[in-house]
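Peer 1: pasting a predicted model and its sequence here:
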Amino acid sequence: MELNEVLRLVRKNIINLAPYSTARDEYKGKLGVFLDANENPFENRYNRYPDPRQLELKGIISAIKGVPVENMFLGNGSDEAIDLCFRVFCTPGKDNAVAIAPSYGMYRVAADINDVEVREVQLGEDFSLPVDSLLASCDENTKLMFICSPNNPSGNSFPMEQMLALADAFNGVLVVDEAYIDFANQPSLLTVLPKYKNLIVLQTLSKAYGLAGLRLGLAFADAEIMSIFAKVKYPYNINLAGMERAKELLARDVNAEIELLKSERERVAAALEQMQCVEKVFPSDANFLLVKVSDARGLYDALIEEQVIVRDRSRIKGCEGTLRITIGKPEENDRMLAIVDKWK
Ligand SMILES: *Cc1c(COP(=O)(O)O)cnc(C)c1O
């Protein structure tokens, strides 16, 4: 799609929106006597409003991800970016979105809050991407399509060429949630972002970067789309304490942790496959395993009994009989494995 066509998908009221202008939008210098924002002047480190554009933190993330700052949005978790996709593109009660299922529950919740219909399309055999059914579910009011790759809870990635085929064929905005991309053995769609004007890539600092508690989600797209997100978001959506801690913690190298978690994933998968109650371990490109067992609820309870908490996914359509097990530290994984091994 051309950028102009994508911009035509944006709601009229959002195109016409005059954003709140903060005191710090008007004067950008750091030195001066600041009598413009009704702050308390006595220094305590947090007495001043934070940068609403988060330029310093974005600069650091830009260097890590290789994406220019103007192609980036920072949110209060990915959840804020997901909500903004609906608020920017979907007129409540009229437009709809298409999403894969089973997948991340937040797409539906955000859609429901915004009174937007979601058409869920079941993944195929072994969680394959149903490209034709996804496209067949669209009509002229379909503004968004959500794909999660690697997918939560199935763990698999979808082939890049299939996702790009969707981006080519879909007359709306394709949102690809890459929350787990750092654990994957295939590249991010960020590499093709400049070519696909109708693509929004979501990532997060909550998983591989180990900063779930700071609540920092990332969206990447064309600069014009990102500037629309910037005018719709709450002006100071990222707080100063969180930005400071993120700057500090992003200086450390998480590669060793990621590599260890990936090798633990393979070790745990192989061990689980040997166990009596395990029927199938689905291939994973993420930091968790979806495991089909003979009695999911029974095993879940047995694990809880020993204070090992996993996620029971057995009531989700397409995931019957499964538990989703996050990869922990080696000794934590061993403790989980020992319980599964001795159960039935
Ligand atoms: C964990 C997760 C996220 C991250 O959410 P945050 O709000 O950034 O913590 C996003 N998408 C999926 C599919 C996830 O599993």
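Peer 2: Okay, I see it. Numbering: from 1, shown residues only.

Peer 1: contacts, neighbours, all on C-alpha from now
Peer 2: Noted.

Peer 1: would you map out the domains in the chain?
Peer 2: Using automatic domain parsing, the domain ranges for the chain come out as 3-249, 255-342.

Peer 1: turn the ones you listed into CSV, including distance to the ligand, mean pLDDT and mean neighbour count.
Peer 2: Formatted as CSV, these follow (distance: least, CA to the nearest ligand atom, whole Å; pLDDT from 0 to 100; neighbours: other CA atoms under 10 Å):
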stretch, distance to the ligand, mean pLDDT, mean neighbour count
domain 3-249, 3, 96, 18
domain 255-342, 9, 98, 18
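
Peer 1: can you classify Ser154 as helix, strand or coil?
Peer 2: coil (DSSP: H, G, I helix; E, B strand; the rest coil).

Peer 1: that one reaches Leu290, doesn't it?
Peer 2: Yes. Counting by CA atoms under 8 Å, Ser154 does reach Leu290; the two are 5.9 Å apart.

Peer 1: mutual contacts of these two, please.
Peer 2: Counting by CA atoms under 8 Å, 6 or more residues apart in numbering, the shared contacts of Ser154 and Leu290 are 282, 284.

Peer 1: and Ile147, backbone torsions?
Peer 2: phi -120, psi 140 (degrees, to the nearest 10).

Peer 1: for the one 4 residues further on, same thing?
Peer 2: Reported as degrees, to the nearest 10, the phi and psi values for Asn151 are phi -90, psi 140.

Peer 1: who's in contact with it?
Peer 2: Asn151 is in contact with 103-104, 157, counting by CA under 8 Å, 6+ apart.

Peer 1: at 6 Å instead, please
Peer 2: By CA atoms under 6 Å, 6 or more residues apart in numbering, the contact list for Asn151 is empty.

Peer 1: all strands of the stretch 151-300 of the chain, in order?
Peer 2: 173-177, 199-204, 217-220, 278-281, 288-293 (DSSP state E, counting those that start in this stretch).

Peer 1: list the helices and strands the last one packs on?
Peer 2: Packing contacts for strand 288-293, counted by 3 or more CA pairs under 6 Å, 6 or more residues apart in numbering; DSSP states H and E, involve strand 278-281, strand 322-326.

Peer 1: now swap in the second one and tell me
Peer 2: Contacting strand 199-204 under the criterion 3+ CA pairs under 6 Å, 6+ apart are the following elements: strand 173-177, strand 217-220.

Peer 1: do you know which of those strands lies nearest Asn44?
Peer 2: strand 217-220 (27.2 Å; CA to CA).

Peer 1: show me what the closest one is packed against.
Peer 2: strand 72-75, strand 199-204.

Peer 1: sheet partners, orientation included, of that strand?
Peer 2: Each strand paired with strand 217-220, and its direction, by DSSP bridges: strand 72-75 (antiparallel), strand 199-204 (antiparallel).

Peer 1: can you list contacts of it?
Peer 2: 71-78, 200-204.

Peer 1: can you check stretch 294-307 too?
Peer 2: With contacts defined as CA under 6 Å, 6+ apart, stretch 294-307 is touched by 277, 321-322.

Peer 1: and what of stretch 203-212?
Peer 2: Contacts of stretch 203-212 (CA under 6 Å, 6+ apart): 178-179, 216-218.

Peer 1: nearest to Leu260 among those?
Peer 2: Each of these was checked against Leu260 using CA to CA; the closest is Ala179, at 18.1 Å.

Peer 1: mind listing the residues bridging to the nearest residue to that closest one once chain neighbours are set aside?
Peer 2: Take Ala179 and drop its neighbours on the chain: the residue closest to it by CA to CA, 6 or more residues apart in numbering is Gln203, 4.7 Å away. Counting by DSSP bridges, Gln203 forms beta bridges with Leu218.
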